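S.K.: Got a predicted structure here, sequence first:
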Number of protein chains: 2
Amino acid sequence: MPYDYLPRLLRPSESKIVLLVLDGLGGLPIEAGGPTELEAAATPNMDQLASEGTLGQTIPIRAGITPGSGPAHLALFGYDPLVYEVGRGALSAAGVGLEVKPGDVAARGNFCTLDAEGLITDRRAGRISSEAAAPLVEKLREIEIPGVEIEVEPVKEYRFTVVMRGEGLNANLKDTDPQKTGVPPLPVQTDEPASERAADLFNQWVAEARQILADPPGNPASGVTLRGFATDPALQPYQEAYGLKAACVAVYPMYRGVSKLVGMDVIQFDGEYPQDEFAAVKKAWKDYDFFFIHIKKTDSMGEDGDFEGKAKIIESVDAALPQLLDLKPDVLIITGDHSTPARMKSHSWHPVPLLLWAPATHLSDSQMQFGERACAQGGLGTFPALDTMSLALAHAGRLNKYGA
Amino acid sequence: MPYDYLPRLLRPSESKIVLLVLDGLGGLPIEAGGPTELEAAATPNMDQLASEGTLGQTIPIRAGITPGSGPAHLALFGYDPLVYEVGRGALSAAGVGLEVKPGDVAARGNFCTLDAEGLITDRRAGRISSEAAAPLVEKLREIEIPGVEIEVEPVKEYRFTVVMRGEGLNANLKDTDPQKTGVPPLPVQTDEPASERAADLFNQWVAEARQILADPPGNPASGVTLRGFATDPALQPYQEAYGLKAACVAVYPMYRGVSKLVGMDVIQFDGEYPQDEFAAVKKAWKDYDFFFIHIKKTDSMGEDGDFEGKAKIIESVDAALPQLLDLKPDVLIITGDHSTPARMKSHSWHPVPLLLWAPATHLSDSQMQFGERACAQGGLGTFPALDTMSLALAHAGRLNKYGA
């Protein structure tokens, strides 16, 4: 659970908090002495907020630790990812609306291509489209294993999620993707007797999947690998931890999933641009205390090594920002879940810029621009991402004094 | 106890440490872009120290947590208030010189006004003066309850402290102040069987108090409420934790109380102004290694919303500072226990400015003025108030190397 001293300090309030997360926001200069993606982007609105509010930088997990998306978001939400290890399977299942209860086992699956000898020739089945994958998932749903109930949902392209329910299951199972081609998928294995039944059942399921997918011959999705076996992490819901009725506005299933795991409602909306997400927030504004808004493409551009593209996404968020400000949030935090410097084409461990704007209570520092260097000198200092929600609650007037 | 790695590193020294605490020092600008109280105050002496020494800002308890005075001071003294929850009763008793041993139960009391039906019409009995309260406390001392010993001491105005001693007492009792008028005081209640005896005895005491106070009719202090039931928190004394013979110079009982709980001697002196407190330090200078000096009125002015008044108190401390500097302390730390921005008229969670001046070992940063914005950029960075004593000991040459 998040900080256990918070629930008893909670105070009812009508205030509204917005946590706007630009995935992988933190960056690096392409050349020494140059600006980062965020510094290079023209962000007049964020700069205005930066000059009025307070900046800081967060450590996502611990110093030097590069987080995956799940742990990074859990940390921002106030759940220490070193304590709560939520498997990719549970995140993924939540993201596609599959229920995972304690004792159920969820896994993320990938279609892969197997040759005649059963060796992997493509770990992502030629990156088949969501349309091509849908009927294959239908086929997988036909598999029946005595004693357990199984659900399968498509995720995106070659990805799917599978959940197994029944007696005596445990999720301490190893990934079956060998991470290379020319070898067969690994069997589902475990080091723990209590998980052996689940391993056997998943191996049966994989064998049946392979039979089903063998027809028609030449189908690129002729096999499956499974990863991130996990059960329900039983995270304390936002309402209990923070007294917040919370909503998630996100395009990608993973982020909806992690939001659901902490008890947020997922807002359905059309479109995929910042203005679409902000419009969805506006529509639901009266019904919630807290909005988590997730922008994915900053991270995707970073992963692609596209410095300019990442800066342009940041600019598109900035351009749409007045829509959000018109709602007059009491607290607006703009930050990332981790850094994804285009120069590195990957997530990284660097501190993440954070902007806190709460006109009733922020102490404006002397920083005038939203960027990594300004944030490193900001009034909030360098702090764990885990503290973000505490700061949000305090600035929203939602915490009583501790002690007399 | 404070950090458990400190005692075995302690090194004898003749050095002197002064911790000067301006209660509620941290502030906010009244208008966006303006200075805080500390920044607005003319503080030539503190600015000189700031330019020679090192600045930083502390987090009193945890991010976003607004501390009460007791927990905030415990943190500054190095005792984590989330671990050591010291009840107001124990603080208050220590402050007025009432001994509270393990098993004793102390509570803070308020006189209140009851109408003919026993409903509260004034929770503070018209804020009766200390002079008016003194004979009422005398009356309360007459109450005898078989099996226990009871002591009562006046605190200030309508406030008093009561301590009960005897077999089988426990302090897990609830406050009896209903926090509103038009209702009777609550009975002393507990959820725990082990505290039922204490609840019964305190209820007897309250009933007798009410009988005694009913005469003369029309006496505004016709009832009592009790709060902050607590026993001895058994805090490791300063001498053991830090090897320091420590003294407290404070005007208000609460702060003397928390100092006594950590083993400080309380220095008696006349007057209530900074120069009186500094004169008291001078008088006791040879007898102690460490002086905690508490200035209350910065907090009071902040609570009153008096920005100018708070700045003036800071200026009065600055003006008297040469008295303290003449003593040539080896380490002088000037800070607050928490923020009390006049704009908020209350304690707050904002980081607290800290000035460390230790000419033998400080690394002066590039800050030239003592203020929130300068401290946010200071050489000590942003750190937990809990670390303050460790820094003081180090700069005083009182800590050996850890490991070879």
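M.R.: It's in.
S.K.: Tell me the pLDDT of A:S130.
M.R.: What the model reports as pLDDT for A:S130 is 93.
S.K.: I'd like the distance between it and B:L9.
M.R.: A:S130 sits 62 Å away from B:L9, going by C-beta to C-beta, to the nearest Å. (C-beta placed from N, C-alpha, C; glycine too.)
S.K.: Which of those two has more residues huddled nearby?
M.R.: Between A:S130 and B:L9, B:L9 has the larger neighbour count (other C-beta atoms under 10 Å in any protein chain shown), namely 16 against 13.
S.K.: I figured the more buried one hits B:G403, correct?
M.R.: No. Applying C-beta atoms under 8 Å as the test, B:L9 and B:G403 come out as separate, 10.1 Å apart.
S.K.: Identify the residues contacting A:P44.
M.R.: A:D318 (C-beta atoms under 8 Å, 6 or more residues apart in numbering or on different chains).
S.K.: Can you check what pLDDT the model gives the residue nearest to A:P187 when sequence neighbours are not counted?
M.R.: With sequence-adjacent residues excluded and distances taken as C-beta to C-beta, 6 or more residues apart in numbering or on different chains, A:P187 is closest to A:N203, at 5.6 Å. Confidence at A:N203, expressed as pLDDT, is 97.
S.K.: does any part of stretch A:288-300 sit near chain B?
M.R.: No. On the criterion C-beta under 8 Å from any C-beta of the partner chain, stretch A:288-300 is out of touch with chain B, staying 14.5 Å away.
S.K.: okay, how far is it across that stretch, tip to tip?
M.R.: 29 Å (C-alpha to C-alpha, to the nearest Å).
S.K.: tally of neighbours for the closest residue to chain B within the stretch 301-404 of chain A?
M.R.: Relative to chain B, the nearest point of the stretch 301-404 of chain A is A:G381 (2.9 Å; C-beta to the nearest C-beta). Counted with other C-beta under 10 Å, residues neighbouring A:G381 total 22.
S.K.: Same check on A:A32?
M.R.: Neighbours of A:A32 using other C-beta under 10 Å come to 6.
S.K.: now do A:N172
M.R.: 17.
S.K.: any idea how far it lies from A:R197?
M.R.: 11 Å.
S.K.: can you check A:K260 too?
M.R.: From A:K260 to A:R197 the distance is 27 Å (C-beta to C-beta).
S.K.: Looking at these two, which one has more neighbours?
M.R.: Neighbours were counted for A:K260 and for A:R197 using other C-beta under 10 Å; A:K260 has more, 20 against 17.
S.K.: give me the residue from the stretch 151-300 of chain A nearest chain B.
M.R.: For the stretch 151-300 of chain A, C-beta to the nearest C-beta, closest residue to chain B: A:Y242, 10.8 Å.
S.K.: Make sure A:R165 is indeed in a strand.
M.R.: Yes. The assignment for A:R165 (DSSP: H, G, I helix; E, B strand; the rest coil) places it in a strand.
S.K.: Contact residues of chain A facing chain B?
M.R.: Near chain B, when you scan chain A using C-beta under 8 Å from any C-beta, you find A:3, A:5, A:9, A:52, A:359, A:361, A:363-366, A:377-383, A:387, A:390-395, A:399-404.
S.K.: of those, buried ones?
M.R.: With burial judged by 16 or more other C-beta atoms under 10 Å in any protein chain shown, the buried subset of the residues of chain A next to chain B is A:3, A:9, A:52, A:359, A:361, A:363-365, A:378-383, A:387, A:390-395, A:399, A:401-404.
S.K.: Strands of the stretch 201-350 of chain A, start to end?
M.R.: A:223-230, A:246-250, A:265-266, A:290-295, A:331-335 (DSSP state E, counting those that start in this stretch).
S.K.: Can you lay out those as CSV showing mean neighbour count and mean pLDDT?
M.R.: Shown next, in CSV, are those (neighbours: other C-beta atoms under 10 Å in any protein chain shown; pLDDT from 0 to 100):
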stretch, mean neighbour count, mean pLDDT
strand A:223-230, 24, 96
strand A:246-250, 24, 98
strand A:265-266, 17, 96
strand A:290-295, 26, 98
strand A:331-335, 25, 98
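S.K.: quick one: low-confidence parts of the stretch 251-400 of chain A?
M.R.: For the stretch 251-400 of chain A, applying pLDDT under 70 flags no range at all.
S.K.: switch to 90 and redo it
M.R.: Across the stretch 251-400 of chain A, the ranges flagged by pLDDT under 90 are A:252-254, A:257, A:366.
S.K.: As a check, name the ranges of all helices in it.
M.R.: A:253-261, A:274-284, A:297-303, A:307-325, A:372-376, A:388-395 (DSSP state H, counting those that start in this stretch).
S.K.: Looking at those, which is nearest to A:T58?
M.R.: A:T58 lies closest to helix A:388-395 among these, at 6.6 Å (C-beta to C-beta).
S.K.: gap between the closest one and the chain center?
M.R.: Remark: helix A:388-395 is offset 20 Å from the chain centroid, using C-alpha atoms, centre = their mean, to the nearest Å.
S.K.: which other helices and strands contact it?
M.R.: Secondary-structure packing of helix A:388-395 (3 or more C-beta pairs under 8 Å, 6 or more residues apart in numbering or on different chains; DSSP states H and E): strand A:17-22, helix A:69-77, strand A:331-335, strand A:352-357.
S.K.: same thing but 6 Å
M.R.: strand A:331-335 (3 or more C-beta pairs under 6 Å, 6 or more residues apart in numbering or on different chains; DSSP states H and E).
S.K.: partners of the strand it packs on, with directions?
M.R.: strand A:17-22 (parallel), strand A:352-357 (antiparallel) (DSSP bridges).
S.K.: So which of the ones you listed is the most surrounded?
M.R.: Ranked by mean neighbour count, the strands paired with strand A:331-335 are led by strand A:352-357 with a mean of 26 (mean count of other C-beta atoms under 10 Å in any protein chain shown).
S.K.: tell me the contacts of the residue nearest the centre of chain A?
M.R.: Nearest to the geometric centre of chain A sits A:Y255, at 3.8 Å (C-alpha atoms, centre = their mean). By C-beta atoms under 6 Å, 6 or more residues apart in numbering or on different chains, the contact set of A:Y255 is A:H294.
S.K.: Could you do A:D304 as well?
M.R.: Taking C-beta under 6 Å, 6+ apart as the test, A:D304 contacts no residue whatsoever.
S.K.: what does the one 5 residues further on give?
M.R.: When contacts are counted by C-beta under 6 Å, 6+ apart, A:G309 touches A:M301.
S.K.: CSV for the strands paired with strand A:331-335, including distance to A:I293?
M.R.: Output for the strands paired with strand A:331-335, formatted as CSV (distance: least, C-beta to C-beta, whole Å):
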stretch, distance to A:I293
strand A:17-22, 5
strand A:352-357, 14
